[in-house]
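[1] Take this sequence and fold it.
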Amino acid sequence: MALRGFVFSLDSAGAVVILASAMFLFVAMGNAHPLDMGQAAVMADDAVYALEGSGYVALTLDTNSVSQAAQRIRLELLGLLPGFDANVTVARYEVDEEECTDQQAFSVCFPDSDKSTGSSGVVAAGQYVSGRKFYMVPEPDNGQAGEHGKGKGGKLKVRVYALDYYVWRD
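    Predicted structure coming up:
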């Protein structure tokens, strides 16, 4: 009677262990989000810059209420940043030309009492990145005498918007 047996090779066992470890690490790394907050800040800034460059932000601010503008800008921002969530706040300041002279602080030229605000999205619970942009949009002349952005008597008529955005990993 011939003895039959299984030959166990240490080389094949080592190869199986290395292959299983590599597969486990590959699957585990695929589920992780190795994006740090610095990279997320750059991505958020780039997305807002792209919306600015396309004219979307200016058009949205000019043709919507502050609440609608915040909601629409947030949705466009999320379209550019898959896997992220965001909160967008838009504030509109009325320019007080009398108070706003050279060398004045922002709070003097644009007091909070003359501000309207709209927001869209939830507040971030964990780590987030944020940014703030300001926009000046000339007031339409609405049939008044004068150039676009100036009323009667040539006084400056602009709306100033502050766009605050907070972005985090979804």
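
[2] Skip the chain neighbours and tell me the closest residue to V66.
    G118 (3.5 Å; CB to CB, 6 or more residues apart in numbering). To be clear about C-beta, it is placed using only N, CA and C from the backbone, and glycine gets the same treatment.

[3] List the buried residues of stretch 115-133.
    For stretch 115-133, a neighbour-count test (16 or more other CB atoms under 10 Å) marks G118, S119, S120, G121, A124, Y128, V129 as buried.

[4] Revised request: answer the last question for stretch 73-88.
    For stretch 73-88, a neighbour-count test (16+ other CB under 10 Å) marks I73, R74, E76, L77, L78, L81, F84, D85, A86, N87, V88 as buried.

[5] Give me the mean pLDDT for that stretch.
    Average pLDDT, stretch 73-88: 93.

[6] Does V167 touch D85 like I think?
    Yes - contact criterion CB atoms under 8 Å: V167 and D85 qualify, at 7.5 Å.

[7] Any chance of JSON lines for the buried residues of stretch 73-88, columns secondary structure and distance to V57?
    As requested, those are exported to JSON lines (DSSP: H, G, I helix; E, B strand; the rest coil; distance: CB to CB, whole Å):
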{"residue": "I73", "secondary structure": "helix", "distance to V57": "6"}
{"residue": "R74", "secondary structure": "helix", "distance to V57": "12"}
{"residue": "E76", "secondary structure": "helix", "distance to V57": "9"}
{"residue": "L77", "secondary structure": "helix", "distance to V57": "10"}
{"residue": "L78", "secondary structure": "helix", "distance to V57": "15"}
{"residue": "L81", "secondary structure": "coil", "distance to V57": "15"}
{"residue": "F84", "secondary structure": "strand", "distance to V57": "18"}
{"residue": "D85", "secondary structure": "strand", "distance to V57": "19"}
{"residue": "A86", "secondary structure": "strand", "distance to V57": "14"}
{"residue": "N87", "secondary structure": "strand", "distance to V57": "16"}
{"residue": "V88", "secondary structure": "strand", "distance to V57": "10"}
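
[8] Relative to L51, which of those is nearest.
    Looking at the buried residues of stretch 73-88 and their distance to L51, the nearest is E76, at 5.7 Å (CB to CB).
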